[in-house]
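Asker: can't give you the sequence, but here's the structure:
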């Protein structure tokens, strides 16, 4: 893994955070795909039986920041910490997952636990590799709480209905069967 000047990695992360903020405001995450190399991989685990993997910029656009983000309009992902390893050209960003919907006490629904993204920088202000992590059990619990309270947006309701009974979603694979493994390239 090549090293990069820390200032370049810091600038990349600032570009990422600024674009992420604009995408949240515009309810459209598709522009984030422009910050990946043509052959980048982006994946995450979704529990004991399922993992997600997008291969290449266009699958990242279509599946990771497109299909997978449908229904999450209004949600925000504020980064809490950024760790930069300029020797390996990697960045770890820790974030929260916060819904725009609120409980009767006024607090926002939020997925408990740590969420994060581990990025590998490729130069030219592009990522070549990203792996996300979050607590699937806590996410499920929050969604159930929101369903019970009638707090789902129409988009989120449609998202849950889409994933509930239609089999494996695009980019999802049985654990260990994705064309690129979660740990591949480490």
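Answerer: Noted; the coordinates are in hand. Since we're looking at a predicted model, the values are computed, not measured.
Asker: my guess is residue 45 meets residue 136, correct?
Answerer: Yes. Contact status for residue 45 versus residue 136: in contact at 7.4 Å, counting by Cβ atoms under 8 Å. Every residue, glycine included, has its C-beta placed from N, CA and C.
Asker: Flag every buried residue along the lowest-mean-pLDDT helix or strand in the chain.
Answerer: Least confident helix or strand of the chain, by mean pLDDT, DSSP states H and E, is helix 154-165 with a mean of 86. For helix 154-165, a neighbour-count test (16 or more other Cβ atoms under 10 Å) marks 156, 159 as buried.
Asker: cool, and stretch 129-145?
Answerer: Residues of stretch 129-145 classed as buried: 129-134, 136, 138-139, 142-143 (neighbour count, 16+ other Cβ under 10 Å).
Asker: Run through who's touching it.
Answerer: Applying Cβ atoms under 8 Å, 6 or more residues apart in numbering, the external contacts of stretch 129-145 come out as 36, 40-47, 97, 99, 109-120, 151-152, 160, 182, 185.
Asker: Filter these down to the buried ones.
Answerer: 36, 40-46, 97, 99, 109, 111, 115-120, 151-152, 182.
Asker: Give me the longest helix you can find in the protein.
Answerer: helix 6-26 (DSSP state H).
Asker: how distant is the next helix-or-strand element following that one from the center of its chain?
Answerer: On the C-terminal side of helix 6-26, the nearest following helix or strand under DSSP states H and E is strand 36-45. Here the centre of strand 36-45 is set off from its chain's centre by 11 Å, with Cα atoms, centre = their mean, to the nearest Å.
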